[in-house]
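*Asks:* Need coordinates for the following:
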Amino acid sequence: MTDRSIIGQKIAFLRKMKGLTQAELAEQLGVSPQAVSQWERSETMPDILTLPRIAEIFDENISAILGLEELNAEKAPEETSETEESAELPEDETDEEYYDRLAEEVEAKEKMVRELAEEISRHAKEHAEAFRQAQEAMGKMVREQAEEAAHEEAMEAEYDRLAAEAEAQEAEYDRLAAEAEANEPAHTVTVPEINIPDINIPEIHLPTGEIVPAQHIPRHTIPAQEIEIPPIPPVPPVPPKPHGIGSWIKKKLDRSNTQIDTSGFTLPVSEYTLDFADPDEEYEIALIKDGKIVNQFKGSPNEFVRVVINGDVKSLRSSISVCVNGNVTGESSSGFDTTINGEVMGNPHSNMNMTCGNVTGDAHANMTLNCGDVFGNASANMSLNCNNIGGDAHANMSVHASGTIGGGKPKKEEIAADSDDEISVDGQNVTINGDYEGDLSAACSIVINGDVNGDIDTTGAVTVSDGDINGDVDTTGNVTAGGDINGDVDTTQTVMAGGDINGDVDTSADVNVGGDVDGDIRTDGDVNIGGDVGGDVTADGDVEVDGDVNGDITTDGAVTVHGDANGDIEAEKVKVYGTADNYDPEED
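*Replies:* Reported below is the predicted structural model:
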C-alpha cells in the first residue's frame, strides 16, 4: 500500500466518521470538491499547507493522517488485563516470521517518511521561488514608480521655476515702464501746415435709383500743429523657452498608449500647422487622449489628424502623420505617414508610407518609400521608388531606381565572375558568364553560365544552364540546373536538374530530375526521376521513378516504379515493375 493510498483512505474514513460530504469538507478547506475526491481516490495528495487544516477539522494529528500512527477514531477502548494476557501470536506464524513482518512494516513507514520529507522539501522550494519572484517583481514596480514620481516632481519644480522667472521678468518690465514714464520727457512732433485745394465731386447715380447731388469743397488750410507723444516703454525680455519637455513626452510615449477609433470617421480632418519651426530644435509630436499618448488607431489615422511644420527642424519624432515643409538636419521617425519636402541629413524611418527628398543616411518605410537620392541603404516592406541609391536596395514587392544602385555603380545586366570575390546583389537581375567560386546571395533572379562552387541564396529564380551547383540552393523561385546539384534544394517552385541531386529536395511544385536523387523528396506536386531515389518520397501528386526507390513512398496520386521498391508504399494506385516486398495490395 503506497503513501498516497494510505492518506486517501484516512481522509475518506475521517470524513465519513465526521458525517461530512466531499463538498462540505472542500468548503471548509477552501479547495474544490474535485480535489477532495482525487485525494480519496489516491490520485493526488493534499499539499503541505493543507495538511494542518485537515488535522484540525478532524481533531487528529498530521502523523496519524499520514499513517505514521493510529487515528484517534480507530483506537479501541482500553482492554482488560485478561485480554492482554490472551493476546497471542497466530498459530501459523513463528517468531521469526513475526519479526520479519514488523521489519517490513517499519521499512514501509520509513519509506513513507522519506517520500513525505521529499514532498515537503519540494513544496518549500516552490514557495520560496514564488516568494523570491514576487519580491523581485514588487521591487521593480516600486523602483519604476519611484523613478516616475521623481521625474514628475522634477518636471513640476522646473515649471514652477520657469513660472517664477516669467513673473519676475513681468514685474521688472512694469518697473522699467513706470520709471520711463516718470523720468523720460514726452517727445514733441511738429506737423507742418497742410493746404487742401478745391475739390468738385460730381453727381452720383446709385443702383437703387437714388441720386447723390454734386458737392464742392472749397480750398482751405490746416494750420501747423505740435503733438506730444508719450515715451515708448522698453520692450520686455523674451522669457526663456522651457527645457526638458521633449524628453518628458518621449518618456510618456514609451510608458503609455491608447487607441482612437477612426473607422467611418466623417468629420473634417484636423490639421495643425506650426509656423515657428526652429532649425536648431528637436520636435516631438504626440496626440493625447485621456492623459495618454495615442499611438494606435482603428481605421486610418490620416483621416483623423495630421501636423504640418513650416520650416527646417533639427530632428523629429511623431506618433501621428506629419509633414515638414523644410529640411530635417537630424533623425526623423513617425508612427504613420511622413512627408518631408526637403532633405534629411540623418536616417528617416516611417511605420507607414514616407515621401522625402535626398537622404544622407539610410531610409526605411514599412509600406511605400518614395525619395530622391539615398546615400545609404533604402528599404521598404512594399514598394521602393528612388533616384540613385548608394547602398543596398530592398523591397518585398518592387524596386525602381531611375539612377544607380550600389555605390553609384551603373546597372549591368551581365557581370563577369572569374574571381574568388563573393557577389551579393540586391534589387537587380544578374547573369554570370563563367564559373563562380564562393557563395552567391541576391534578392533577384540569377543566371549562371558555368559552375557554382558554393551555396545559392536568392528570392528569385536560379538557372545554371551549362554547369553544376556544388552547394545548397535556397530560393523562392524556380531552380533549373543543366548538370548536377551537389547539395540540398529548398524552394517553393519547380525543380529541374539534368543530372543528379546529391541531397534532399523540398518544394511546393513539381520535381523533374534526369539522374539520381540521393536524399528525400518532399513536394506538393508531381515527381519524375530518371534514375534511383535513395530516400523517402512524399508527394501530393503522381510519382514516377525509372530506377529503384530505397525509401518509403507516400502520395495522394499514382505511383509507378520501373525498378524495385524497397520501402513501404501508400498511394491511390501502385505499379511496380521490379520487386516490392513491403507492399501488399490487399492492405490498400
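*Asks:* CA atoms only: put stretch 473-488 into CSV for me.
*Replies:* As requested, the backbone C-alpha atoms of stretch 473-488 are provided in CSV (Å, rounded to 0.1, in the frame of the first residue of the first chain):
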residue,chain,number,x,y,z
VAL,A,473,20.1,26.1,-53.1
ASP,A,474,17.6,28.2,-51.0
THR,A,475,15.2,30.3,-53.1
THR,A,476,11.5,31.1,-53.6
GLY,A,477,11.7,30.8,-57.4
ASN,A,478,12.3,28.0,-60.0
VAL,A,479,15.5,26.0,-59.8
THR,A,480,17.0,24.8,-63.2
ALA,A,481,20.4,23.1,-63.4
GLY,A,482,21.8,21.6,-66.6
GLY,A,483,24.2,19.4,-64.6
ASP,A,484,24.3,18.1,-61.0
ILE,A,485,23.3,19.7,-57.8
ASN,A,486,25.6,18.5,-55.0
GLY,A,487,23.5,19.8,-52.1
ASP,A,488,20.0,20.3,-50.8
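*Asks:* Buried residues, that stretch. List them.
*Replies:* Buried residues in stretch 473-488, counting neighbours by 16 or more other CB atoms under 10 Å, are found at 473-475, 477-488. C-beta: built from backbone N, CA, C; applies to glycine.
*Asks:* and what of stretch 59-73?
*Replies:* Buried residues in stretch 59-73, counting neighbours by 16+ other CB under 10 Å, are found at 60, 64, 65, 66, 67, 71.
*Asks:* which residues are contacting it?
*Replies:* Here stretch 59-73 makes contact (CB atoms under 8 Å, 6 or more residues apart in numbering) with 3, 6-7, 10-11, 13-14, 17, 51-52, 54-55, 58, 109, 112-113, 116.
*Asks:* Which ones among those residues lie within helices?
*Replies:* Those of these mapping onto helices are 3, 6-7, 10-11, 13-14, 17, 51-52, 54-55, 58, 109, 112-113, 116, per DSSP state H.
*Asks:* sorry, back to before: what is the nearest of the buried residues of stretch 59-73 to residue 330?
*Replies:* Distance to residue 330, by CB to CB, is smallest for residue 66 among the buried residues of stretch 59-73, at 71.9 Å.
*Asks:* Need the pLDDT of the closest one.
*Replies:* If you check residue 66, the pLDDT there is 81.
*Asks:* Flag the shaky bits of the stretch 201-350 of the chain, pLDDT-wise.
*Replies:* Along the stretch 201-350 of the chain, the parts satisfying pLDDT under 70 run over 229-306, 319.
*Asks:* follow-up on the earlier one: of the contacts of stretch 59-73, buried ones?
*Replies:* Neighbour-count burial (16+ other CB under 10 Å) is assigned, among these, to 3, 6-7, 10-11, 14, 51, 54-55, 58, 109, 112, 116.
*Asks:* ok, now which ones touch residue 560?
*Replies:* Residue 560 touches 542, 543, 544, 545, 575, 576, counting by CB under 8 Å, 6+ apart.
*Asks:* which residues sit in contact with the fourth one?
*Replies:* Taking CB under 8 Å, 6+ apart as the criterion, residue 545 is in contact with 527, 529, 532, 533, 537, 560, 561, 562, 563.
*Asks:* Can you name the residues bridging to the spatially closest residue to it that is not a sequence neighbour?
*Replies:* Counting by CB to CB, 6 or more residues apart in numbering, residue 545 lies nearest to residue 529, which is 4.6 Å off, once chain neighbours are set aside. Per DSSP bridges, residues listed as beta-bridge partners of residue 529: residue 513, residue 545.
*Asks:* any idea how far residue 529 lies from residue 478?
*Replies:* Distance, residue 529 to residue 478, by CB to CB, to the nearest Å: 18 Å.
*Asks:* so residue 340 touches residue 355, yeah?
*Replies:* Yes - here residue 340 lies in contact with residue 355, judged by CB atoms under 8 Å, at a distance of 7.3 Å.
*Asks:* of those two, who's got more company?
*Replies:* Regarding residue 340 and residue 355, a neighbour count based on other CB atoms under 10 Å identifies residue 340 as having more, with 26 against 18.
*Asks:* Enumerate the beta-bridge partners assigned to that one.
*Replies:* residue 324, residue 356.
*Asks:* got it, and residue 350?
*Replies:* residue 334, residue 365.
*Asks:* From residue 376, how far off is it?
*Replies:* Relative to residue 376, residue 350 is positioned 16 Å away (CB to CB).
*Asks:* for residue 321, same thing?
*Replies:* Using CB to CB, residue 321 is found at 24 Å from residue 376.
*Asks:* For the two, work out which one has more neighbours and name it.
*Replies:* residue 321 (27 against 15).
*Asks:* Can you give me the distance of the closest residue to residue 402 other than its chain neighbours to residue 379?
*Replies:* For residue 402, ignoring the flanking residues on the chain, the nearest one in space by CB to CB, 6+ apart is residue 387 at 5.2 Å. Residue 387 is 16 Å from residue 379, where distance means CB to CB.
*Asks:* Name the residue in those two with the higher neighbour count.
*Replies:* For residue 387 versus residue 379, the count of surrounding residues by other CB under 10 Å is larger for residue 379: 22 against 14.
*Asks:* I'd guess that one is in a strand, am I close?
*Replies:* Yes - checked against DSSP: H, G, I helix; E, B strand; the rest coil, residue 379 lies within a strand.
*Asks:* these two touch, right, it and residue 364?
*Replies:* Yes - using CB under 8 Å, residue 379 is in contact with residue 364, at 4.9 Å.
*Asks:* Break the chain down into its structural domains.
*Replies:* Following automatic domain parsing, one gets these domains for the chain: 257-357, 430-587.
*Asks:* so how far is residue 523 from residue 540?
*Replies:* Distance from residue 540 to residue 523, by CB to CB: 7 Å.
*Asks:* Out of those two, name the residue with the larger neighbour count.
*Replies:* The neighbour comparison of residue 540 against residue 523 (other CB under 10 Å) goes to residue 523, with 22 against 14.
*Asks:* hang on, isn't the more buried one packed against residue 539?
*Replies:* Yes - look at residue 523 against residue 539 with CB under 8 Å: they come within range, at 5.0 Å.
*Asks:* And the helices in the protein, which stretches?
*Replies:* Using DSSP H, helices in the chain cover 3-18, 22-29, 33-40, 51-58, 62-65, 81-86, 95-183, 245-255.
*Asks:* Who is residue 394 paired with across the strands?
*Replies:* Under the criterion used (DSSP bridges), residue 394 bridges to residue 379.
*Asks:* Next: the one 4 residues further on.
*Replies:* Legend: beta-bridge partners of residue 398 under DSSP bridges are residue 383.
*Asks:* how many other residues sit next to it?
*Replies:* With other CB under 10 Å as criterion, residue 398 counts 12.
*Asks:* Check the one 3 residues further on too.
*Replies:* Residues within reach of residue 401, counting by other CB under 10 Å, total 20.
*Asks:* quick one: low-confidence parts of this structure?
*Replies:* Using pLDDT under 70, the flagged stretches of the chain are 1-3, 73-92, 180-187, 189, 229-306, 319, 407-429, 584-588.
*Asks:* one more time with 50
*Replies:* 1-2, 76-87, 238-272, 276-277, 303, 408-427 (pLDDT under 50).
*Asks:* Going through the contacts of residue 545, which ones are buried?
*Replies:* Among the contacts of residue 545, those classed as buried by neighbour count (16+ other CB under 10 Å) are 527, 529, 532, 533, 537, 560, 561, 563.
*Asks:* wait, the first one sits on residue 511?
*Replies:* Spelled out, that is residue 527. Yes - if you go by CB under 8 Å, residue 527 and residue 511 touch, sitting 4.9 Å apart.
*Asks:* which residues touch the spatially closest residue to residue 376 that is not a sequence neighbour?
*Replies:* What sits nearest to residue 376 in space, not counting adjacent residues and going by CB to CB, 6+ apart, is residue 362, at 3.9 Å. Residues in contact with residue 362 (CB under 8 Å, 6+ apart) are 347, 374, 376, 377, 378, 379, 391.
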